[in-house]
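Asker: Build me a model from this:
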Amino acid sequence: MNVNQLTQETIELMKSAQANGEPLNKGYTQPTSPTTGLQIYDLSAPSQKLYPVLTPLRNRIPRVGGGRAIDSNWKAITNINVGNQRAGISEGKRGGVINHEIVERNARFRAIGLENQVTFEADYAARGFEDVRALAVAQTLQATMIAEEMILLGGNTSLKSGVTPTPTAAVSNDATGKISGNTLSVICVALSLQAYWDVAGANNGAIGQSLNIKTAQVPAKITRQNADGSTDTFGGGSAQKSAAASVSGIATGKKVTAMVPAVRGAVAYAWFWGAAGSEKLGAVTTSAKVDILADAEGTQTAASLPSEDNSTSILEFDGLLTQIALPDSGAYWADNKGRGLTSDNAGGVYEFEEAFAHFFTRYRLSPDTIYVNARDLAALTKLIIGSNGAPMIKLNVDVNNTANIRAGVVVGSYMNKITGDDLNIVVHPNLPAGTYLFYSSRLPAYVQGIGNLLQVRTRQEYYQIEWPLRTRMYEYGVYADEVLQGMFMPAFGMITNVG
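Answerer: Numbering: from 1, shown residues only. Model prediction:
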């Protein structure tokens, strides 16, 4: 066969194939599911950090180094004429002698810190996606700062709650009431800040946590296993449980209202009820009052709690709420007795005005910030706007679109009618509902020689340790050594037990 014949034969075969073609079968088709076939895994790198890191007090409070020894000590002169000695003098005689009042304070430095670890295999597996060793250190620092914020706000090493007061309980009509039995026993446990959030779920450093009364556990004494194999035992933040209060005359269509006096240092209250000796956790409230409409659904029993006070921790220093609540602090502390805030019928809040009068008449000062819970901010706005406050609302109108109205108003500041100062209203992520915190950063004109009203005194600022290898695992710790100093606590205050 010559070349011409081969070429002509090839052309004829191509014509035949085009005229009578067969279906073309592809070698590969797109997979029908994300886990089959030949395909890459489309993964966005690095991992998304979907958790809040909110530390407003830690960001605001000045940090001062130079701490020494085991305690930090400071003194304050709070009165230069105890008893108000009169200044008048008779002829030829000398005047009366004044007495000073001095307050001495001291607080123990505390080490704070958290630890993390990365196995060799975790490091291998993450190569090309994320530096998990660097991530472990960064997130440990963030977690330490969040935990530090909780201590700065409500750490408690010195204010023992003691025995929670015995509740007073009363029966009243309520169509939704469905308590079984004729007699009910009620027990209350006062909770500090950390204990409350352990039960209720703190959404700072995490998302989606909430109170689940069926699985909630009020912390008593805590024994923690440490990274080095040692253990620490400390109070979990709960007071000693109260004696039981018994109430009878219960039936369908009835409710029981129980309350206790506010406990200094507590921000919440756990309530157990049921048959005598079998009381179960039924509610956790941020006021010292509860309405009981049904049987308790919790699994923790009051009998499981020890008969001892576990409200303080030997591993913490006193936070701001605790220092305010100390009886000799000079700070403003008010129990609202489970009632809500009330309008002063002048676009303000009666309880705030009482606090401002206290600050001015006793110390000639005004706070500059009111920290509130997120839910309390909404309630505060409703109270002020709904009680003769509407005329104070300023509406900004877009002249190019007059039909565009933005709904929603929030109270962002509050004017002290006595001094004329505007106080910022700020939501604090860890402040429970029912507690309002008055914060000052400005010194009264007469206060001399104090650089900061409040400061973190450090023996050692934040530092990181990568511990020597003892297994095929990288171990990290982030630490600090510090204490919170309230140099002039009369400039701070709180209203608690607001219903």
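Asker: Now name the helix or strand holding E475.
Answerer: strand 473-486 (DSSP states H and E).
Asker: strand partners of that strand, parallel vs antiparallel please.
Answerer: Neighbouring strands of strand 473-486 in its sheet, by DSSP bridges, are strand 110-119 (antiparallel), strand 454-467 (antiparallel).
Asker: Make JSON lines out of those strands and add distance to V247, mean neighbour count and mean pLDDT.
Answerer: (C-beta placed from N, C-alpha, C; glycine too.) Listed next are these as JSON lines, based on distance: least, C-beta to C-beta, whole Å; neighbours: other C-beta atoms under 10 Å; pLDDT from 0 to 100:
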{"stretch": "strand 110-119", "distance to V247": "43", "mean neighbour count": "17", "mean pLDDT": "97"}
{"stretch": "strand 454-467", "distance to V247": "44", "mean neighbour count": "16", "mean pLDDT": "96"}
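Asker: In CSV, list those along with distance to L152.
Answerer: As requested, the strands paired with strand 473-486 are arranged in CSV below (distance: least, C-beta to C-beta, whole Å):
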stretch, distance to L152
strand 110-119, 10
strand 454-467, 7
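Asker: ok so, going back, the helix or strand that the strand holding E475 is followed by: partners in the sheet, and parallel or antiparallel?
Answerer: Downstream of strand 473-486, the next assigned helix or strand under DSSP H and E is strand 493-496. Strand 493-496 pairs in its sheet with strand 332-335 (parallel), strand 436-439 (antiparallel), by DSSP bridges.
Asker: Start from the N-terminal end of the stretch 101-250 of the chain and give the strands.
Answerer: Ranges of strands in the stretch 101-250 of the chain, per DSSP state E, counting those that start in this stretch, are 101-108, 110-119, 168-173, 183-191, 221-225, 231-235, 245-248.
Asker: buried residues in the fourth one?
Answerer: Right, the one you point to is strand 183-191. By 16 or more other C-beta atoms under 10 Å, the buried positions in strand 183-191 come out as 184-191.
Asker: got it, and the last one?
Answerer: Judged by neighbour count (16+ other C-beta under 10 Å), strand 245-248 contains these buried residues: 245, 247.
Asker: Pop out the phi and psi values for the residue nearest to K254 when sequence neighbours are not counted.
Answerer: Spatially, and ignoring its direct neighbours in sequence, K254 is nearest to G177 (4.7 Å; C-beta to C-beta, 6 or more residues apart in numbering). Dihedral pair for G177: phi -70, psi 130, per degrees, to the nearest 10.
Asker: what's the answer for A69, then?
Answerer: phi 60, psi -160.
Asker: Kindly report the same for K289.
Answerer: phi -150, psi 140.
Asker: quick one, what contacts it?
Answerer: 257-259, 338, 499 (C-beta atoms under 8 Å, 6 or more residues apart in numbering).
Asker: okay, now A239: neighbour count?
Answerer: Close neighbours of A239, defined as other C-beta atoms under 10 Å, add up to 29.
Asker: Same check on the one 10 residues further on?
Answerer: Counted by other C-beta under 10 Å, the residues lying close to G249 total 11.
Asker: roughly how far apart are it and K49?
Answerer: 55 Å (C-beta to C-beta, to the nearest Å).
Asker: repeat for T176
Answerer: Distance from T176 to K49, by C-beta to C-beta: 43 Å.
Asker: And for A251?
Answerer: On the measure of C-beta to C-beta, A251 and K49 end up 53 Å apart.
Asker: And for G155?
Answerer: 27 Å.
Asker: who's more crowded, those two?
Answerer: G155 (29 against 11).
Asker: surely the residue nearest to K254 meets T257?
Answerer: No. If you go by C-beta atoms under 8 Å, G177 and T257 don't touch, sitting 11.0 Å apart.
Asker: Strands - which of the contacts of K289 land there?
Answerer: Applying DSSP state E to these, the entries found in strands are 257-259.
Asker: from those residues, which would you call buried?
Answerer: Buried among the ones in strands among the contacts of K289 by 16+ other C-beta under 10 Å: 257-259.
Asker: Mind putting the residues you listed into TSV with pLDDT and distance to G95?
Answerer: Listed next are those as TSV, based on pLDDT from 0 to 100; distance: C-beta to C-beta, whole Å:
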residue	pLDDT	distance to G95
T257	96	58
A258	97	57
M259	96	52
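Asker: between the residues you listed, which is nearest R105?
Answerer: M259 (33.9 Å; C-beta to C-beta).
Asker: mind listing the helices in the stretch 51-200 of the chain by residue range?
Answerer: 56-60, 120-125, 132-154, 193-200 (DSSP state H, counting those that start in this stretch).
Asker: Could you pull up the residues touching the closest residue to S329 other than its chain neighbours?
Answerer: In space, and not counting its chain neighbours, S329 is closest to M489: 4.4 Å by C-beta to C-beta, 6+ apart. By C-beta under 8 Å, 6+ apart, the contact set of M489 is 323-324, 326, 329-331.
Asker: S44 - how many residues pack around it?
Answerer: 7.
Asker: Next up, the contacts around it.
Answerer: By C-beta under 8 Å, 6+ apart, S44 has no neighbours at all.
Asker: per-residue pLDDT, it?
Answerer: S44 is assigned 83 on the pLDDT scale.
Asker: same check, this time on K15
Answerer: 69.
Asker: And for the spatially closest residue to T458 that is not a sequence neighbour, the neighbour number?
Answerer: The shortest distance from T458 to any non-neighbouring residue, by C-beta to C-beta, 6+ apart, is to E482 (4.4 Å). E482 has 26 neighbouring residues, counting by other C-beta under 10 Å.
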